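Asker: predicted model follows, preceded by the sequence.
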Amino acid sequence: MITPSTSQPTSTPTVASVAAPAATGAPGRLGSLGPVGLVLAGGISVQFGGALAVTLMPRAGALGVVTLRLLAAAVILLVVCRPRLRGHSRSDWGTVIVFGITMGAMNGLFYEAVDRIPLGLAVTLEVLGPLALSVLASRRLINALWAGLALGGVFLLGGGDFSGLDPVGVGLALGAGAMWATYIIFSARTGRRFPQADGLALAMAVAALLFLPLGIAGAGSRLLDPTTVALGSSVAVLSSVLPYTLELLALRRLPAHTFAVLMSLEPAIAATAGFLVLGQALSATQAAAVALVIAASIGAVRSQVGRGRQAAVGVQPDPVVVAQPEPVVGAQPEGNGSAS
């Protein structure tokens, strides 16, 4: 996977997570968890937020839940970040609008997927998007191994033909993964054009506004129910605001490649959340499939880290290596930037 650059002060996401808003100070209690603990806490928050979102779907539907999450997250980020609206070029606004569209699409596709297939399996399929981006960008021969390992996991996941899973749900999860890969690219571009988390806050507002008509069409007056609004706001805090903050604090003291490896554990955390909150147990074959995808993600991360270390000491890289992609600047599922 692509790891974030620690040389840039923006707070856009890494391959396995969404961007983090700027923090004005690191609370002592949070800092005492240690950087690894902060990342794991953020991952747990994202995936249990996703599980809570699934329980909310009977009340508001998938589109309604996405709308509530995006609206609540946008309001919180706009209040906290107070982004400057003037002084940006047309190109800047074009980038942030595409970023917002991608964010909305990623969330919408993912939530429609988890309305049809188990949470852990949806996250496993979704993470193939960033993994594919990493493999294609690197073009190292070793990454063919990680791609093959991931494909083996997908084969196991579907039992050879995905007859045991809703094919629409599978397609939606893969679509969310493609949007996640696109999200990573535009997150990096937005981070270079806007200071701190301003670009994230503006993109979240764009996503919320674009998704609002869909949410109204799908849920109607149910979006105004106080209990539904409260639960939707909780999903926004658990899946967006809290993990963004935890990951930003962690990246101040944690190497970027270590962060990416930890974020590769998202499918396992999602499967645990699905089991504990939703009663979605995985079969032994499905658990093995999740493990293969996680191993492929970690292997891809370590391969890129090894290449970076070789370059640092003057070792010539593998001749099949081409130029690195645009750096992904440090700190997600939605999750999970992921959308979960």
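Answerer: That came through, no problem.
Asker: quick check: residue 147 touching residue 134?
Answerer: No: taking Cβ atoms under 8 Å as the definition, residue 147 is not a contact partner of residue 134, at 9.5 Å. Any C-beta I mention is one placed from the backbone N, CA and C, and that applies to glycine too.
Asker: higher neighbour count, those two?
Answerer: residue 134 (27 against 19; other Cβ atoms under 10 Å).
Asker: find the nearest non-adjacent residue to residue 43, please.
Answerer: Distances taken as Cβ to Cβ, 6 or more residues apart in numbering place residue 269 nearest to residue 43, at 4.9 Å, with adjacent residues excluded.
Asker: packing partners of the host helix or strand of the one you found?
Answerer: When elements are assigned from DSSP states H and E, residue 269 belongs to helix 266-278. If you count contacts as 3 or more Cβ pairs under 8 Å, 6 or more residues apart in numbering; DSSP states H and E, helix 266-278 packs onto helix 35-81, helix 119-126, helix 284-312.
Asker: list the contacts of that helix.
Answerer: Residues from elsewhere that reach helix 266-278 (Cβ atoms under 8 Å, 6 or more residues apart in numbering): 16, 43-44, 46-48, 50-52, 54-55, 118-124, 127, 280-282, 287, 290-291, 293-294, 333, 335-336, 338, 340.
Asker: sorry, back to before: tell me the most buried of the helices and strands packed on helix 266-278?
Answerer: helix 119-126 (a mean of 31; mean count of other Cβ atoms under 10 Å).
Asker: in the stretch 1-150 of the chain, where is pLDDT below threshold?
Answerer: 1-33, 137-140 (pLDDT under 70).
Asker: apply 50 and report the result again.
Answerer: 1-28, 31-32 (pLDDT under 50).
Asker: for residue 222, the count of nearby residues, please.
Answerer: 16.
Asker: sorry, wrong one. I was asking about residue 148.
Answerer: For residue 148, using other Cβ under 10 Å, the count is 12.
Asker: how close does it get to residue 53?
Answerer: 33 Å (Cβ to Cβ, to the nearest Å).
Asker: can you check residue 300 too?
Answerer: Distance from residue 300 to residue 53, by Cβ to Cβ: 28 Å.
Asker: go on, residue 223?
Answerer: 14 Å.
Asker: helices of the stretch 51-200 of the chain, start to end?
Answerer: 90-114, 119-126, 128-138, 142-157, 167-193, 198-219 (DSSP state H, counting those that start in this stretch).
Asker: so which of those helices is the most surrounded?
Answerer: The highest mean neighbour count among these, using mean count of other Cβ under 10 Å, belongs to helix 119-126: a mean of 31.
Asker: output that helix as CSV, nothing but the C-alphas.
Answerer: Output in CSV follows, covering the C-alpha atoms of helix 119-126 (Å, rounded to 0.1, in the frame of the first residue of the first chain):
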residue,chain,number,x,y,z
LEU,A,119,-19.4,-5.9,7.4
GLY,A,120,-16.0,-7.8,7.6
LEU,A,121,-16.4,-9.1,4.0
ALA,A,122,-17.4,-5.7,2.7
VAL,A,123,-14.3,-4.1,4.2
THR,A,124,-12.1,-6.9,2.9
LEU,A,125,-13.4,-6.3,-0.6
GLU,A,126,-13.1,-2.6,-0.3
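Asker: relative to the whole chain's centre, how far out is that helix?
Answerer: Relative to the centre of its chain, helix 119-126 is centred 12 Å away, using Cα atoms, centre = their mean, to the nearest Å.
Asker: quick one, what contacts residue 99?
Answerer: 183, 186, 187, 189, 190, 199, 203, 206.
Asker: would you point out the most distant pair within those?
Answerer: 189 and 206 (14.5 Å; Cβ to Cβ).
Asker: got the phi/psi numbers for residue 282?
Answerer: phi -100, psi 150 (degrees, to the nearest 10).
Asker: let me see the contact set for it.
Answerer: Applying Cβ under 8 Å, 6+ apart, we find residue 282 in contact with 118, 120, 121, 271, 275, 290.
Asker: again, 7 Å this time
Answerer: 120, 271, 290 (Cβ atoms under 7 Å, 6 or more residues apart in numbering).
Asker: any idea how far residue 255 is from the nearest residue to the second one once chain neighbours are set aside?
Answerer: The reference is to residue 271. Residue nearest to residue 271 in three dimensions, not counting chain neighbours: residue 120, with 2.9 Å by Cβ to Cβ, 6+ apart. Distance of residue 120 to residue 255, computed by Cβ to Cβ: 27 Å.
Asker: do residue 265 as well
Answerer: Using Cβ to Cβ, residue 265 is found at 16 Å from residue 255.
Asker: settle it for me: which of those two has more neighbours?
Answerer: Ranked by neighbour count (other Cβ under 10 Å), residue 265 and residue 255 place residue 265 first, with 17 against 14.
Asker: so what's the backbone phi/psi at that one?
Answerer: According to degrees, to the nearest 10, residue 265 has phi -80, psi 0.
Asker: that one reaches residue 293, doesn't it?
Answerer: No: under the criterion of Cβ atoms under 7 Å, residue 265 is not in contact with residue 293, lying 10.8 Å apart.
Asker: would you mind putting the helices and strands packed on helix 266-278 into TSV with distance to residue 113 alongside?
Answerer: Converted to TSV, those look like this (distance: least, Cβ to Cβ, whole Å):
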stretch	distance to residue 113
helix 35-81	9
helix 119-126	5
helix 284-312	15
